[in-house]
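**Student:** Quick check, what structure comes out for this input:
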Amino acid sequence: MPQEQAMSVDLFAGSAPNLLHLSLESIALRDWDSQILCGLRSISLTRILTNGPSAIQMMTVLQACPSLRSLTLESVSFSNLDLTQHPTVSLNKLQDLYLQMAPKAIISLLETIRAPNCTYNNFEVDTPGSLEIPQLLTAIKVFVSSTFQIGLAICNDIDLSISSRVRIHVPTTDGLLSLILPTLARGSEVGMQWTMTHVLQPLLSAAGKIIPINLSWAPRGRVPITDIEYLLRQPTIVSLEMKGWDAGAKDLIKALCMTPINIHGNRSWYWPALRYLDLTGCDCSPRTLLQLVTDRMEAEAETKENGVERLQRLSVRKSGMDQQTYEIIQGLIGDAVVWDDVGTEEGDGSDDSMEDD
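**Tutor:** Predicted coordinates:
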């Protein structure tokens, strides 16, 4: 451990009347209740693993900085996390929030801080346990909802990174809800039961209204049928990247084929807003992909005014596509389809162009 991290320092001997910006890296203060920690406009504490402030001391500092615009707490270990009896701290001028900490620390802070004018929030979570995921998402939901209720015409970006596996961007008003779930699965942790549905559902609920969705998802292992069914019930999905699905892709693509479904007595379709579909590395049937394209074109023609969107991009790289089916699809939607012939050269998918699954 670096020597400067093992000891605390007396900053400016307790006298810095004009201090507006404070950035400490691997340095702890001797007195976290110092009067110099007031009136700050930016605070950045990084890699303070020993002699860090308690959560209450951190709240005291924040309360003394009503003009705070930027707050960064990265790898900071609080000596005490208990904020159960602490009143809410309002940071009305805070615009930029970055927290990279243990999930319990982030939860504790989010349950205490209110920052209705924050335009960018970035949360990176260190090794969360399975039981902490729902609680963490609930805390984010409450934190985001405080902005929704005020109804500001700005966009909050919530960037949640769970062990570098999940990043979630949540808009507060209009715009897109974008999810990037590169390796989200049931996980190797014993008893871990959360799925993509557990991540998406509370965030959609926090939005309080129907908003467009961008989803990038490359799960490990077979996708639970409950996740597929939940996705199909989201009518506002605009784009989907299903990169590297080794199972489940066929089931979802079959369901997306535009066979009309009955909703409240009206003909409808799954994902009518879908415009971008990336199936890179997915195991798909060329026949099913062709059916998807033709069915969507027919549905689009049938519902010109308020129905199915035109498919603007279909990427089928390394997905078992063959030259014959590709040329047919290209004849239907032109350059909107993107394909390479790697699979054909390697002998993958070249003989099953129009075979049934």
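**Student:** going forward, measure contacts and count neighbours with C-alpha atoms only.
**Tutor:** Will do.
**Student:** So for M58, what pLDDT did the model give?
**Tutor:** On the pLDDT scale, M58 is placed at 92.
**Student:** So it, which state does it fall into?
**Tutor:** Secondary structure, DSSP: H, G, I helix; E, B strand; the rest coil: M58 is helix.
**Student:** who touches it in this structure?
**Tutor:** Taking C-alpha atoms under 8 Å, 6 or more residues apart in numbering, we find M58 in contact with W32.
**Student:** quick one: the strands in the stretch 51-200 of the chain?
**Tutor:** For the stretch 51-200 of the chain, the strands defined by DSSP state E, counting those that start in this stretch cover 70-76, 89-90, 96-101, 113-114, 120-125, 157-162, 167-169, 177-181.
**Student:** Contacts for the helix or strand containing D251, please.
**Tutor:** If you go by DSSP states H and E, D251 is part of helix 249-256. With contacts defined as C-alpha under 8 Å, 6+ apart, helix 249-256 is touched by 228, 232, 242, 270-271, 282-285, 288-289, 292.
**Student:** pLDDT of it, averaged?
**Tutor:** Helix 249-256 shows a mean pLDDT of 77.
**Student:** residues in contact with S315?
**Tutor:** When contacts are counted by C-alpha under 8 Å, 6+ apart, S315 touches 277-280, 337-339.
**Student:** For L289, see how far away it is.
**Tutor:** From S315 across to L289, the span is 11 Å (C-alpha to C-alpha, to the nearest Å).
**Student:** where do the contact lists of those two overlap?
**Tutor:** With C-alpha under 8 Å, 6+ apart as the test, S315 and L289 reach no residue in common.
**Student:** picking up where we left off before, in JSON lines, list the contacts of S315 along with neighbour count, distance to K93 and secondary structure.
**Tutor:** Formatted as JSON lines, the contacts of S315 follow (neighbours: other C-alpha atoms under 10 Å; distance: C-alpha to C-alpha, whole Å; DSSP: H, G, I helix; E, B strand; the rest coil):
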{"residue": "L277", "neighbour count": "20", "distance to K93": "40", "secondary structure": "strand"}
{"residue": "D278", "neighbour count": "20", "distance to K93": "40", "secondary structure": "strand"}
{"residue": "L279", "neighbour count": "21", "distance to K93": "43", "secondary structure": "coil"}
{"residue": "T280", "neighbour count": "21", "distance to K93": "43", "secondary structure": "coil"}
{"residue": "V337", "neighbour count": "22", "distance to K93": "46", "secondary structure": "strand"}
{"residue": "V338", "neighbour count": "15", "distance to K93": "46", "secondary structure": "strand"}
{"residue": "W339", "neighbour count": "21", "distance to K93": "49", "secondary structure": "coil"}
